[in-house]
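>>> Kindly return the folded structure for what I paste below:
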Amino acid sequence: MTPFDAFLLPPGCERPPVYEVLELPGGASIRYPVLPADQCESLLSGLEDAGEALGRTPVRSLSRSIGRVADRLLDPADPLRAEALEMLAPTAGISPEMADSVLAGMACDWTRERLDELLDREFGSVDVLDAFQPRDGGRMVRARGPAISFHVGSGTVPGVGVTSMIRALLVKSAVLLKPGQGDVALPVLFARALREEMAELSHAVAVVYWPGGETELETMALERAPVVVAYGGDDAIRSLRARTPVTTRLVTYHHRVGVGLVGREALGSDRGSGVARAAAYAVSMFDQRGCVSPHVLYVEEGGQVDPMEWAGVLWNAMAELEVELPVGRLHPEDASAVHQVRGVAEMREASGTGTRAFHSDPGFATVIFESEPDFVVSCLSRVVYVKPISDLVEVPAVLKGVERHLQTVALEGSGDRRPALAEALARLGVTRITPFQEVPWPPPWWHHDGASVFAGLVRWIDSEETPSYSSTCSSTRHNTI
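As a prediction, this is how the structure comes out:
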């Protein structure tokens with residue numbers, strides 16, 4: 001199989017003199033350039049110039065052009081979609097069926113309608129991205145993105161790199177994107193299609209993959225870009241933070257985990273099968289690699305279905321879904337981890353500790369029922385823990401100790417207890433509470449890790465043409481100067 005070019009440089013860039021090829025498990029491979037210092041300098045300077053030019057483009061024109069590429073990715077007859085599906089599965093290590101679901105779910109949020117709604121929600125009037133606009137008290141305000149921003153992807157979930165790219169382009173920032181190894185295909189193909197839609201974007205996007213570790217381009221990008229956006233594990237984020245100048249705005253999305261809560265109200269006469277199917281979908285999507293993916297499901301006692309019985313219902317749902325959305329390519333160590341977790345659970349089950357393991361070969365879907373309420377980090381690859389809880393209100397106390405990594409909580413069946421439970425989870429640090437079915441697909445305007453979508457990407461400028469305070473206050477201030 002011909003290596004996939006995991007890079008796209010702006011028109012006019014010199015051909016890189018050296019390339020490296022990285023062999024991926026499963027027979028696929030990717031090719032990436034090794035850029036010398038002078039080419040790194042030329043690339044960054046060109047992006048800065050393109051960013052300045054992009055600043056003069058109306059934001060609605062940008063969302064329209066980006067949306068047209070999304071439409072192509074959603075069109076079954078478009079060659080771009082066919083190429084994306086062909087390359088997504090082998091480079092991301094997911095099954096073709098999962099690739100189809102991921103592409104559809106991601107591209108839906110990149111359409112013009114969704115992007116315009118995002119902009120309207122975030123800015124009220126998107127005109128502030130084009131020029132100064134009047135606000136209260138005679139004040140004029142303006143929102144500006146940086147001329148260039150540097151984005152570092154994690155590669156666990158394909159499509160995240162494109163989302164990061166789009167957010168920057170919407171605030172008129174040129175983009176240098178280093179995608180993660182599992183997310184090289186979509187950013188390259190998306191950037192290539194953007195060139196065909198809008199001339200202003202041709203020179204404003206560069207996608208370059210390289211393995212982890214410092215490179216000439218990474219060092220220079222950290223020094224030159226006013227804004228750096230990074231996704232990754234705690235160690236990777238820590239390393240970037242240490243090498244980023246104090247004057248640079250660093251927007252980070254570090255390691256996160258998800259949790260599920262199932263109240264007794266959701267365990268009715270259907271044995272909770274509807275919620276089980278939704279929970280199976282939340283766990284299985286992205287092969288559980290997403291920061292939104294649940295690791296542990298707390299199931300309330302006292303419903304018509306016992307939590308252990310419901311764990312079996314969940315496993316059946318996960319096994320059925322594994323036929324529709326097969327697990328992708330697993331690294332040998334990942335497959336080994338699943339078998340080790342199963343073996344430990346089976347030994348505990350045999351010793352009468354209240355543990356029950358639900359699984360079958362050759363599938364990977366695994367549900368482990370444990371009576372202890374402690375949170376457990378899953379080895380992923382569709383391994384989830386089910387734990388009984390006497391009352392959902394006890395869950396926030398159980399989760400103390402992992403609160404700095406909590407993000408999404410799936411909540412079903414809490415009834416009129418939901419407001420109080422949501423408040424307790426918010427105090428704990430949770431930033432998203434949603435039904436299981438919505439877990440994999442947060443809307444474009446969600447407050448990712450509790451912040452505005454464009455937090456750190458824009459700076460606000462206030463132009464105070466007339467005093468916004470009372471005449472008495474004004475007089476007092478002038479008298480004290």
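>>> Tell me where the stretch 151-300 of the chain has strands.
174-178, 205-208, 227-231, 249-253, 257-262, 294-300 (DSSP state E, counting those that start in this stretch).
>>> now, of these, which is deepest in the fold?
Stretch with highest mean neighbour count among the strands of the stretch 151-300 of the chain: strand 174-178 (a mean of 27; mean count of other CB atoms under 10 Å). Where you see a C-beta, it was placed from the backbone N, CA and C, and this is true even at glycine.
>>> now that one against strand 227-231, angle please.
30 degrees (axes from the mean of the first three to the mean of the last three CA atoms, to 10 degrees).
>>> Contacts for strand 174-178, please.
43-44, 47-48, 50-51, 54, 147-153, 161, 164-165, 168-169, 187, 191, 203-210, 218, 221, 225 (CB atoms under 8 Å, 6 or more residues apart in numbering).
>>> What backbone torsions are found at residue 290?
phi -80, psi 160 (degrees, to the nearest 10).
>>> count of residues packed around the nearest residue to it once chain neighbours are set aside?
Counting by CB to CB, 6 or more residues apart in numbering, residue 157 is the residue found nearest to residue 290 once chain neighbours are left out, at 4.9 Å. Residues near residue 157, counting by other CB atoms under 10 Å, number 26.
>>> just residue 376 next, same as before
17.
>>> which ones are touching it?
295, 296, 370, 385.
>>> and it, helix, strand or coil?
Secondary structure, DSSP: H, G, I helix; E, B strand; the rest coil: residue 376 is coil.
>>> what's the distance between it and residue 444?
Going from residue 376 to residue 444 by CB to CB, to the nearest Å gives 32 Å.
>>> follow-up on the earlier one: want to try JSON lines for the strands of the stretch 151-300 of the chain, with mean pLDDT and distance to residue 325 as columns?
Below are the strands of the stretch 151-300 of the chain laid out as JSON lines (pLDDT from 0 to 100; distance: least, CB to CB, whole Å):
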{"stretch": "strand 174-178", "mean pLDDT": "98", "distance to residue 325": "27"}
{"stretch": "strand 205-208", "mean pLDDT": "98", "distance to residue 325": "27"}
{"stretch": "strand 227-231", "mean pLDDT": "98", "distance to residue 325": "23"}
{"stretch": "strand 249-253", "mean pLDDT": "97", "distance to residue 325": "25"}
{"stretch": "strand 257-262", "mean pLDDT": "98", "distance to residue 325": "18"}
{"stretch": "strand 294-300", "mean pLDDT": "98", "distance to residue 325": "16"}
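>>> out of the ones you listed, which comes closest to residue 72?
With CB to CB as the measure, strand 205-208 is the member of the strands of the stretch 151-300 of the chain nearest residue 72 (16.4 Å).
>>> got a list of contacts for the closest one?
6-10, 13, 32-33, 35, 43, 47, 161, 165, 169, 174-179, 187-188, 191, 194, 217.
>>> Send me it as PDB with only the CA atoms.
Provided in PDB are the C-alpha atoms of strand 205-208 (Å, rounded to 0.1, in the frame of the first residue of the first chain):
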ATOM      1  CA  VAL A 205      -3.400  26.100   6.400                       C
ATOM      2  CA  ALA A 206      -0.500  23.700   6.800                       C
ATOM      3  CA  VAL A 207      -0.800  20.200   8.100                       C
ATOM      4  CA  VAL A 208       2.500  18.400   9.100                       C
END
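>>> Quickly list what residue 140 is bridged to.
Beta-bridge pairing for residue 140 (DSSP bridges): residue 134, residue 463.
>>> got a list of what it touches?
With CB under 8 Å, 6+ apart, residue 140 has these contacts: 132, 133, 134, 462, 463, 464, 465.
>>> Buried ones only from those residues, please, as a ChimeraX command.
Selection of the buried residues among those in ChimeraX, burial being defined by 16 or more other CB atoms under 10 Å:
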select :132,133
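>>> would you list the strands of the stretch 151-300 of the chain in CSV and tack on distance to residue 274?
Listed next are the strands of the stretch 151-300 of the chain as CSV, based on distance: least, CB to CB, whole Å:
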stretch, distance to residue 274
strand 174-178, 40
strand 205-208, 41
strand 227-231, 33
strand 249-253, 32
strand 257-262, 11
strand 294-300, 14
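>>> just so I know, which of those lies nearest residue 335?
Using CB to CB, the strands of the stretch 151-300 of the chain put strand 294-300 closest to residue 335, at 18.4 Å.
>>> Direction included, what does that closest one pair against?
Counting by DSSP bridges, strand 294-300 is paired with strand 257-262 (parallel), strand 383-389 (parallel).
>>> got the CA positions of the next helix or strand along the chain from the last one in PDB?
Following strand 383-389 in sequence order, the next helix or strand is helix 395-398 (DSSP states H and E). Coordinates of each C-alpha in helix 395-398 appear next as PDB, following Å, rounded to 0.1, in the frame of the first residue of the first chain:
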ATOM      1  CA  VAL A 395     -21.700   9.100  43.400                       C
ATOM      2  CA  PRO A 396     -20.000  12.500  43.700                       C
ATOM      3  CA  ALA A 397     -18.400  11.500  47.000                       C
ATOM      4  CA  VAL A 398     -17.100   8.300  45.400                       C
END
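>>> buried sites along helix 395-398?
395, 396, 398.
>>> And those residues, which is closest to residue 335?
For those, the nearest to residue 335 is residue 398 (30.1 Å; CB to CB).
>>> For that closest one, give me its contacts.
298, 373, 374, 375, 389.
>>> Doesn't residue 407 belong to a helix?
No. Counting by three-state DSSP, residue 407 is not found in a helix; it is strand.
>>> Now it. Nearest residue, chain neighbours left out?
residue 256 (3.9 Å).
>>> any idea how far residue 282 is from that neighbour?
For residue 256 relative to residue 282 (CB to CB), the value is 14 Å.
>>> Among these two, which residue is more densely surrounded?
Between residue 256 and residue 282, counted using other CB under 10 Å, the more crowded position is residue 282 (27 against 18).
>>> so what's that one up against?
By CB under 8 Å, 6+ apart, the neighbours of residue 282 are 258, 260, 292, 293, 294, 410, 436, 437, 439, 440.
>>> Just name the shakiest helix or strand of the protein by mean pLDDT.
helix 471-480 (a mean of 55; mean pLDDT, DSSP states H and E).
>>> which one of the strands of the stretch 151-300 of the chain lies closest to residue 432?
strand 257-262 (8.8 Å).
>>> returning to that earlier point: farthest-apart pair in the contacts of residue 376, please.
Longest span within these, CB to CB: 295 and 370, 12.3 Å.
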